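**Student:** Need the 3D shape of this:
(4 chains)
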There are 2 protein chains.
Amino acid sequence: MDGDTAPVLPLVGGAYDGAVETRELRYFVAVAEESHFGRAAQRLAMAQPPLSRAIQQLERRLGVVLLHRTARGVTLTEAGSVLLREARLALEAVEAAEHRTRRAAADRPGVVLATKAGASRELLSKLLDAYVDAVDVVLCGPGEPERLLRNGRADVALLHRPYDTTAGFDTEDLHTERQVVVLPAGHPLADRPHLSMAEVNTLTGLPLPRWPRRDGSYPDGPGPQVRDHTQLTQLITLGRACAVMPESLRAQLGDDHAIVPVPDAPAVTTVIAWPPHSRSKAVADLVRTAQSL
Amino acid sequence: MDGDTAPVLPLVGGAYDGAVETRELRYFVAVAEESHFGRAAQRLAMAQPPLSRAIQQLERRLGVVLLHRTARGVTLTEAGSVLLREARLALEAVEAAEHRTRRAAADRPGVVLATKAGASRELLSKLLDAYVDAVDVVLCGPGEPERLLRNGRADVALLHRPYDTTAGFDTEDLHTERQVVVLPAGHPLADRPHLSMAEVNTLTGLPLPRWPRRDGSYPDGPGPQVRDHTQLTQLITLGRACAVMPESLRAQLGDDHAIVPVPDAPAVTTVIAWPPHSRSKAVADLVRTAQSL
DNA sequence: TTCCGTTACGATACACGTAAAAATC
DNA sequence: GATTTTTACGTGTATCGTAACGGAA
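**Tutor:** Down below sits the predicted model:
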């Protein structure tokens, strides 16, 4: 992100109509994420030249330079990084339109509720108990509920701040709880009344696990890679990792784990979230039911 | 919206890839809004046949019937009305990506604040006084600030609940005030301590004005059509209309108007709103400044 | 030289317009 | 018979792929 000066293209004639197509946005996001025309073209299952031309066309259309071309790839200009964020939102909105329309025409257009598998079990069972009417529960991995809600595959989701981003959704807080660290049974520190995050982070031989990012890749670090809760509990039992999690999850742990409160870990708030323009009575009822529990 | 039964198209072969293009969404919105292929094609400056084909392609792609075709036009299916709402949001998001990218690359990428001309004058001048750095104020007509914020032409807006819809934005309340009815000076009811909305609505010879809808058309009714505040005050002076408005607007009225509180009219809250994914420090600063006033 | 992005060119596919047909009131 | 939508057909534009070119490390 070096401070370039002239990102606005001179308008030297051409068809500068404002009709940006989703295809162009998809192409741009691919190139921006790969920082490389070649890899992006491969990911898009096409050749580089048309991709290159499409990006040029987009830049001409917008009158803005989006990428710095270098010898070993591309980097985003300031305007380019703005477009990356905005294009993702726009593409999600288009995708959401598609999915919501399909589901509106489905044989049984029930409310789809997305939640992380394992989390909020008690809340969920009470909710489904009180509100039986046609609620399809989708249990998914970490971060997935938010994605499903954004791309229209779900109507409502149970999210967990601060892990999930609730920006752009309407939300109601349902429950707040403190976090604990889960250790293998018999660990030397298992009897401590509480631990700090600093102490947890420096537990020798017990690194925190690495969860996948939204794009599926894993951050660097010493901890083992985990994709779901089952993997995690097993790793803890094996003495290969510890984990900080909301204390309600203790109900799903066996006797071979020890639990110690971590007062300075951020509290986790379970919220029910829905798209702000939802006109669905079913969603409103579901939210109201959840709040009353 | 007659209760049809089979809105899901049989998948009889074809390229059902999920690549919905904005062009298709634009076409669909036009047809849905016009309820008529011919008028929609005219509005889109194209012939009907390609429009008809494009809609068919969209329906095939989604696997959903969007329109009921009748002899004098079309009506939306349930799925179609869902798509209409979602497509508008998606198109706004695409447009926003376009505008925000352009402005990010502009020579002077200052914060653009949209507000209704005439409203919140004192607040606005205090805000600009406290926060001089590169704030471009766009004064616009009723309903416009919300639109500008949604389509990316503005970064922040001053909106007025319940008149504006703040759904999908992050907001902070700035100020709440009661509403008053403005009458021509010397009106028989000008000396009353207060009036009810029921009384205001039945003022003989003094109908409430009609404001334009988002699409520019006017609702039916007895009152005069108005597009801005100047027209309105003039009509009131002439004794052709009355108006219910926040009491702070009295500062902009001349001596030839009388004001009577209307306790049961909904209170108007001025809020500062911004897109929920805004990462701009300038916007955050501006919001904080506004709150502190 | 090697890797990467761009330009050139020919072929295919897509979208459009005009004209004619089918369908509904 | 009057609308309105749909099908048919020919044309033009735009996108794509292959191949050749230009530049930076």
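
**Student:** Tell me, what's the model's pLDDT at the closest residue to DNA strand C within the stretch 51-200 of chain A?
**Tutor:** DNA strand C sits closest to residue A:52 of the stretch 51-200 of chain A, with a gap of 3.4 Å, by C-beta to the nearest atom of the strand. C-beta here means a position set from N, CA and C on the backbone, and glycine is covered the same way. We have a pLDDT of 92 for residue A:52.

**Student:** for it, what are its contacts?
**Tutor:** Counting by C-beta atoms under 8 Å, 6 or more residues apart in numbering or on different chains, residue A:52 makes contact with residue A:37.

**Student:** swap in residue A:163?
**Tutor:** Neighbour list for residue A:163: A:142, A:143, A:268 [criterion: C-beta under 8 Å, 6+ apart].

**Student:** In what element of secondary structure is the residue of the stretch 51-200 of chain A closest to DNA strand C found?
**Tutor:** Using DSSP states H and E, residue A:52 sits in helix A:48-62.

**Student:** which element follows that helix toward the C-terminus?
**Tutor:** strand A:67-70.

**Student:** Now do that following strand: which elements does it pack against?
**Tutor:** With contacts taken as 3 or more C-beta pairs under 8 Å, 6 or more residues apart in numbering or on different chains; DSSP states H and E, strand A:67-70 sits against strand A:73-76.

**Student:** List the buried residues for the strand it packs on?
**Tutor:** By 16 or more other C-beta atoms under 10 Å in any protein chain shown, the buried positions in strand A:73-76 come out as A:73, A:74, A:76.

**Student:** Output those residues in TSV, with pLDDT and distance to DNA strand C appended to each entry.
**Tutor:** Formatted as TSV, the buried residues of strand A:73-76 follow (pLDDT from 0 to 100; distance: C-beta to the nearest atom of the strand, whole Å):
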residue	pLDDT	distance to DNA strand C
A:73	87	4
A:74	93	5
A:76	95	12
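
**Student:** for those, which one is nearest DNA strand D?
**Tutor:** Using C-beta to the nearest atom of the strand, the buried residues of strand A:73-76 come closest to DNA strand D at residue A:73, 10.9 Å.

**Student:** residue contacts, that closest one?
**Tutor:** By C-beta under 8 Å, 6+ apart, residue A:73 lies in contact with A:35, A:36, A:37.

**Student:** How about it: which residues does it bridge to?
**Tutor:** Beta bridges link residue A:73 to residue A:70, judged by DSSP bridges.

**Student:** about what we covered before: can I have the buried ones of the contacts of residue A:73 as a ChimeraX selection?
**Tutor:** Remark: buried members of these, expressed as a ChimeraX selection using 16+ other C-beta under 10 Å:
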select /A:36,37
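
**Student:** in the stretch 1-150 of chain A, which ranges drop under the pLDDT threshold?
**Tutor:** The model of the stretch 1-150 of chain A has pLDDT under 70 over residues A:1-18, A:132.

**Student:** What segments of it are strands?
**Tutor:** A:67-70, A:73-76, A:111-116, A:135-140 (DSSP state E, counting those that start in this stretch).

**Student:** Dump those strands to TSV, plus distance to DNA strand D.
**Tutor:** Listed next are the strands of the stretch 1-150 of chain A as TSV, based on distance: least, C-beta to the nearest atom of the strand, whole Å:
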stretch	distance to DNA strand D
strand A:67-70	6
strand A:73-76	11
strand A:111-116	30
strand A:135-140	32
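
**Student:** so which of these is the most packed in?
**Tutor:** strand A:111-116 (a mean of 24; mean count of other C-beta atoms under 10 Å in any protein chain shown).

**Student:** Return the residues of the stretch 1-150 of chain A in contact with DNA strand C.
**Tutor:** By C-beta under 7 Å from any atom of the strand, the residues of the stretch 1-150 of chain A that approach DNA strand C are A:36-38, A:48-49, A:52-53, A:55-56, A:69, A:71-74.

**Student:** want to throw those into TSV with distance to residue B:200?
**Tutor:** Converted to TSV, these look like this (distance: C-beta to C-beta, whole Å):
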residue	distance to residue B:200
A:36	65
A:37	64
A:38	68
A:48	67
A:49	67
A:52	63
A:53	61
A:55	58
A:56	59
A:69	64
A:71	72
A:72	70
A:73	66
A:74	62
